[in-house]
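Colleague: make a model of this:
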Amino acid sequence: MKRVMFVCKKNSARSQMAEGFAKTLGKGKIEVISSGLEASHVRLEAIATMKEIGIDITDQHSKPLSDFQAQDFDVVISLCGCGVNLPPEWVMREVFEDWQLDDPAEQPEIFPRVRDEIKERVTQLIESVNKEFILAR
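Modeller: Predicted coordinates:
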């Protein structure tokens with residue numbers, strides 16, 4: 001099973017929502033965690049926005065990337081354009097993508113739009129990881 005790391009600046013909104021979607025939509029297909037270049041807290045707006053669509057992320061917490069080892073992950077996704085600030089070993093994983101999504105913390109009214117963009121991208125990611133797995137068999 002592929003291991004996926006979602007990373008953002010503070011692991012407070014976008015990466016937390018991505019983790020919530022991936023745990024729900026990718027259950028049994030991928031293992032997933034999220035982290036930030038620095039840890040902070042999960043924004044209440046992210047929790048509320050996910051709860052609107054039936055996904056509960058209240059038990060998730062913000063974690064620093066420094067708590068993890070790059071070699072433990074197959075896929076690394078940056079959600080905020082922070083890929084340029086990641087140590088090289090994180091960018092050199094089997095799959096690295098930098099989604100560069102708008103920061104809803106700057107404009108709370110865009111939380112639903114960003115959430116929906118994350119859902120679409122996470123769905124595509126799960127499909128591509130599963131397709132790779134099937135082809136490799």
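Colleague: switch to C-alpha atoms for all contacts and neighbour counts from now on
Modeller: Noted.
Colleague: buried ones in the regular element (helix or strand) spanning V7, by neighbour count?
Modeller: Assigned by DSSP states H and E, V7 belongs to strand 2-8. Buried residues in strand 2-8, counted by 16 or more other CA atoms under 10 Å: 4-8.
Colleague: strands paired with that strand, and their directions?
Modeller: Strand partners for strand 2-8, identified by DSSP bridges, are recorded as strand 30-36 (parallel), strand 75-78 (parallel).
Colleague: what's that strand in contact with?
Modeller: With CA atoms under 8 Å, 6 or more residues apart in numbering as the contact definition, strand 2-8 has outside contacts at 14-15, 18-19, 29-37, 65, 72-82, 129.
Colleague: just for the protein, where's the confidence low?
Modeller: Low-confidence segments of the chain, defined by pLDDT under 70: 132-137.
Colleague: can you rerun that using 50?
Modeller: The model of the chain has pLDDT under 50 over residues 134, 137.
Colleague: what's the angle from the lengthiest helix in it to strand 2-8?
Modeller: Identified as the longest helix of the chain according to DSSP state H is helix 111-136. Using axes from the mean of the first three to the mean of the last three CA atoms, to 10 degrees, one finds that helix 111-136 and strand 2-8 are set 150 degrees apart in direction.
Colleague: now helix 111-136, how far from the centre of its chain.
Modeller: The gap between where helix 111-136 is centred and where its chain is centred comes out at 10 Å by CA atoms, centre = their mean, to the nearest Å.
Colleague: cool, and stretch 105-122?
Modeller: Put simply, stretch 105-122 sits 12 Å off its chain's centre (CA atoms, centre = their mean).
Colleague: please identify the buried residues of that stretch?
Modeller: With burial defined by 16+ other CA under 10 Å, the residues of stretch 105-122 counted as buried are 111-112, 114-115, 117-119, 121-122.
Colleague: residues in contact with D98?
Modeller: The neighbours of D98, taking CA under 8 Å, 6+ apart as the test, are 77-83.
Colleague: on that earlier part again, centre of the chain to the strand holding V7, how far?
Modeller: Its chain's C-alpha centre lies 6 Å from the corresponding centre of strand 2-8 when counted by CA atoms, centre = their mean.
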